[in-house]
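K.L.:
Sequence first, predicted model second:
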Amino acid sequence: MMVLTAQEESLIGVVRALPPDEAGKVLNWARQLADLAGGRAVQWSDSWTDEDLADATSAALRRFEDEEQGEL
């Protein structure tokens, strides 16, 4: 069983809140970035702050709620 960090769990939550097509785009982008990293570990502290994660989560949830209400 793989144990995820809080940042990884938050990122997964954001992706799950996206529409399927958009989530697929994000996952493809993540795969491309992983390929570019060449097996090196991602330093989350250098990439995402807690504020960044909160903003991304809020934006994804707002979009999801808007779509559910038929506003998009």
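P.N.:
Yep, that arrived. Numbering: from 1, shown residues only.
K.L.:
Would you check that residue 17 makes contact with residue 64?
P.N.:
Yes: at 4.7 Å, residue 17 counts as touching residue 64 under the criterion of CB atoms under 8 Å. For glycine as for every other residue, the C-beta is placed from the backbone atoms N, C-alpha and C.
K.L.:
who has more neighbours, the two?
P.N.:
The neighbour count for residue 17 versus residue 64, taken as other CB atoms under 10 Å, is higher for residue 17 (19 against 16).
K.L.:
Just the pLDDT for that one.
P.N.:
Looking at residue 17, its pLDDT is 89.
K.L.:
helix, strand or coil for the residue nearest the centre of the chain?
P.N.:
Here the mean C-alpha position of the chain is nearest to the C-alpha of residue 11 (CA atoms, centre = their mean), at a distance of 3.8 Å. Taking DSSP: H, G, I helix; E, B strand; the rest coil as the rule, one finds residue 11 in the helix state.
K.L.:
hang on, it packs against residue 47?
P.N.:
No: here residue 11 lies out of contact with residue 47, judged by CB under 8 Å, at a distance of 10.3 Å.
K.L.:
which other helices and strands contact the helix or strand where residue 8 lies?
P.N.:
In the assignment (DSSP states H and E), residue 8 maps to helix 6-17. If contacts are counted by 3 or more CB pairs under 8 Å, 6 or more residues apart in numbering; DSSP states H and E, helix 6-17 sits against helix 20-37, helix 50-68.
K.L.:
Okay, now the unreliable bits of this structure?
P.N.:
Applying pLDDT under 70 to the chain flags residues 42-46, 71-72.
K.L.:
Could you measure from the residue nearest to the centre of the chain over to residue 37?
P.N.:
Going from residue 11 to residue 37 by CB to CB, to the nearest Å gives 15 Å.
K.L.:
same thing with residue 54?
P.N.:
Separation of residue 54 from residue 37 (CB to CB) stands at 25 Å.
K.L.:
go on, residue 63?
P.N.:
28 Å.
K.L.:
So if I had to pick from those two, which one is more boxed in?
P.N.:
residue 63 (16 against 10).
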